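Peer 1: Build the 3D model from these lines:
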Amino acid sequence: MVKTTNMKTMSINDIINQCIALDIRLTKQQDNLKLEAPKGVVSETLLGAIKDNKQALLDFLHRYGSKQPTQALTRVYPEEHEAILSSGQGQMWFLDKMFKNNENYQFYRVLHISGSIDTMILDKAFAEIMARHTILRTTYHITKKAVMQRIGDGLSFAVAHLDLTATDKGQQQALIDAAALEFKQSPFDLEQDLMIRALLIKTDADAYELHLKLHHIATDGWSIALIVKEFTDIYNALIGQTEAAQSDAFQYIDYARWQQSEAQQQSIAQHLAFFDEYLQDAPQMHNLPIFADKRTDLAEAALVQTTLDSELTSALKAFCQAHNVTVFSFIQFGLSIVISHYSQCKETIMGTPMANRPLNELGKVVGYFVNTLPLRTKIDTDEAFISALKTQHLNLLDVMEKQNVPFGEIVKRNVTSRQQGVSPLAQVMFSLQNNDIPTLRLGEAEITVQTPKTDSTELDLSIKCSDEHGAITANWIFARDLFEREFIAQMAQHLNRLVAAALLEPQRAIASLMADK
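Peer 2: Below is the predicted model of the structure:
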């Protein structure tokens, strides 16, 4: 069964993007928050998240509610099948050429299916997915003018099938691992391949593993969730259990044309000017102590995991609600304090991934939208934690409102020098992922989605937080060649202690809180 996460831990950006996906409209009317939504789409968890973050949402809408894009999205497809690339596609196309078959530019998921399924219906469901989402059958070609994307028919797509039910159980796992490795390592050719592959391994009479692989140029985390949910809906409709919703979604090519329009380029140019000022004299490196002379483009990854227990997590959520800030802002600020302490630098820069779907029409579109934004934090250790947190929260809202600015463009204008193997501007990444995932089934069969562990990393350090069973878990993924595990564990535990101390005495100076053992 797929786990359902608590949406109360969402950032304001995440809540707004979920509302976009569900066609929910939030508006500010004097001092009240008004919600307009299609009947039956607002879940109790989303409603609770909106209520708990009411004041922060009102603040956001007050600052940015009148700044929504004025140019509407228009349909290009099916009249046109070719267009220039979006900025994200262009970056991913370049990275694919530079680092062929790099696993960091692919999405790989395993769906464990417990129960009986109809494999012919499964094939038909995938055929419908290919028909609905043109980006999965889009290829990329160099022309005299530029690199262009071209939509194909997708008729060559087929699910690969492997039946291991007759195999001795002692040998079966080795065969699964070998098949999965071959599947995972098979390269994509952007000029002629489809951007999705599927391998169905039957391990028992009523047990399957569905391996999915997509190229990042055609998808992101939000899109993966859309594909999996839509796939199950279509399958269940085909076996007569439900009626699949008709797809009238825009296509990614429509977005690419919109993003590259003159009006949007002017908007991006204005926001780039903001980042020029925001990042002026900002540190180019994190300055944390490392014990390697040289970085590599792709380092072996290691993991340290820590958890805020349910009692502390509950206290954190209540605190943020009472002080009109978000859990995202609180943890990001606490993390910045810890990094500042161990790097002996009064400023930190870290990246954070943003959904970057600025229009309602993009909520159900599959494609590469996600964008990275740099978060700059200045630490005055003599200041009270709570006042500094509230300032940082407002600063984050300012930055997140400009999530349409391509990170690559920010880097071009604000990175003074580049070093091989060093991620520009942000070598540290922070995220708080909260997707309200419903229970997924194929008929009576239950699905559990497995995200494979991270074996390699382009970043020095990535802190990925999630809320599971009422407790916030932090996965500290780090480059093994750069940091000792004990050092990362020390930072992680220090963050937990800082959170606990700040919740008890938020008026204390930051330096005093950091001194607690």
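Peer 1: What is the neighbour count of Tyr255?
Peer 2: 25 (other Cβ atoms under 10 Å). Every C-beta, even on glycine, is put in place using the N, C-alpha and C of the backbone.
Peer 1: how close does it get to Val399?
Peer 2: In this view, Tyr255 and Val399 are 22 Å apart by Cβ to Cβ, to the nearest Å.
Peer 1: Could you double-check that Asp96 lies in contact with Ile217?
Peer 2: Yes - using Cβ atoms under 8 Å, Asp96 is in contact with Ile217, at 6.8 Å.
Peer 1: residues bridging contact with those two, i.e. touching both?
Peer 2: Common contacts of Asp96 and Ile217, defined by Cβ atoms under 8 Å, 6 or more residues apart in numbering, comprise 105, 190.
Peer 1: Looking at the two, which one has more neighbours?
Peer 2: Neighbours were counted for Asp96 and for Ile217 using other Cβ under 10 Å; Ile217 has more, 26 against 21.
Peer 1: which SS class is that one?
Peer 2: helix (DSSP: H, G, I helix; E, B strand; the rest coil).
Peer 1: That one and Phe107: what is the separation?
Peer 2: Applying Cβ to Cβ, the value for Ile217 to Phe107 is 11 Å.
Peer 1: any weak-confidence spans in the chain?
Peer 2: Low-confidence segments of the chain (pLDDT under 70): 1-13, 20-21, 23, 29-31, 62-71, 101, 241-246, 293-294, 434-438, 517.
Peer 1: Show me what Ala207 bridges to in the sheet.
Peer 2: Ser114, Asp204 (DSSP bridges).
Peer 1: Do I have it right that it meets Leu111?
Peer 2: No - when contacts are counted by Cβ under 8 Å, Ala207 is not listed as touching Leu111 (11.8 Å).
Peer 1: Which of these two has more residues huddled nearby?
Peer 2: More neighbours surround Leu111 than the other of Ala207 and Leu111, with 21 against 15 (other Cβ under 10 Å).
Peer 1: Now do the same contact list for the more buried one.
Peer 2: Counting by Cβ under 8 Å, 6+ apart, Leu111 touches 209-212, 228, 447-450.
Peer 1: The same query, at a cut-off of 10 Å, please.
Peer 2: Leu111 makes contact with 2, 198, 200, 208-212, 228, 231-232, 440, 442, 447-450, according to Cβ atoms under 10 Å, 6 or more residues apart in numbering.
Peer 1: Which among these count as buried?
Peer 2: Neighbour counting with 16 or more other Cβ atoms under 10 Å marks 2, 198, 200, 208-212, 228, 231-232, 440, 442, 447, 449 as buried within those.
Peer 1: closest to Glu505 among these?
Peer 2: Val2 (39.0 Å; Cβ to Cβ).
Peer 1: quick check, Cys126 in a strand?
Peer 2: Careful, residue 126 is Phe and not Cys. No - Phe126: not assigned to a strand; according to three-state DSSP it is helix.
Peer 1: show me what contacts the spatially closest residue to it that is not a sequence neighbour?
Peer 2: Nearest non-adjacent residue to Phe126, counting by Cβ to Cβ, 6 or more residues apart in numbering: Val159, 5.8 Å away. Going by Cβ under 10 Å, 6+ apart, Val159 touches 119, 122-123, 125-127, 197-200, 210, 212.
Peer 1: Where does Ile349 sit: helix, strand or coil?
Peer 2: strand.
Peer 1: Okay, and the beta partners of it?
Peer 2: Arg376.
Peer 1: Please tell me I have it right and it contacts Met285.
Peer 2: Yes - checked against Cβ atoms under 10 Å, the pair Ile349 and Met285 is within contact range at 8.6 Å.
Peer 1: Look at these two and report which has more neighbours.
Peer 2: Legend: neighbour count by other Cβ under 10 Å for Ile349 and Met285, higher for Ile349 (22 against 16).
Peer 1: so what's the more buried one up against?
Peer 2: 279, 282-286, 336, 339, 374-377, 414, 425-428.
Peer 1: Among those, name the ones in strands.
Peer 2: Counting by DSSP state E, these place 374-377, 428 in strands.
Peer 1: how about the residues you listed, which pair is most distant?
Peer 2: Arg376 and Val428 (12.1 Å).
Peer 1: which neighbours do the two share?
Peer 2: Joint contacts of Arg376 and Val428 (Cβ under 10 Å, 6+ apart) are 336, 348-350.
Peer 1: My read is that Phe275 contacts Val415, right?
Peer 2: No - using Cβ under 10 Å, Phe275 is not in contact with Val415, being 11.5 Å away.
Peer 1: Now list whatever residues contact both of these two.
Peer 2: Joint contacts of Phe275 and Val415 (Cβ under 10 Å, 6+ apart) are Ala282.
Peer 1: higher neighbour count, these two?
Peer 2: Neighbour count, other Cβ under 10 Å: between Phe275 and Val415, Phe275 has more, with 22 against 14.
Peer 1: which SSE is that one in?
Peer 2: In this assignment (DSSP states H and E), Phe275 forms part of helix 262-278.
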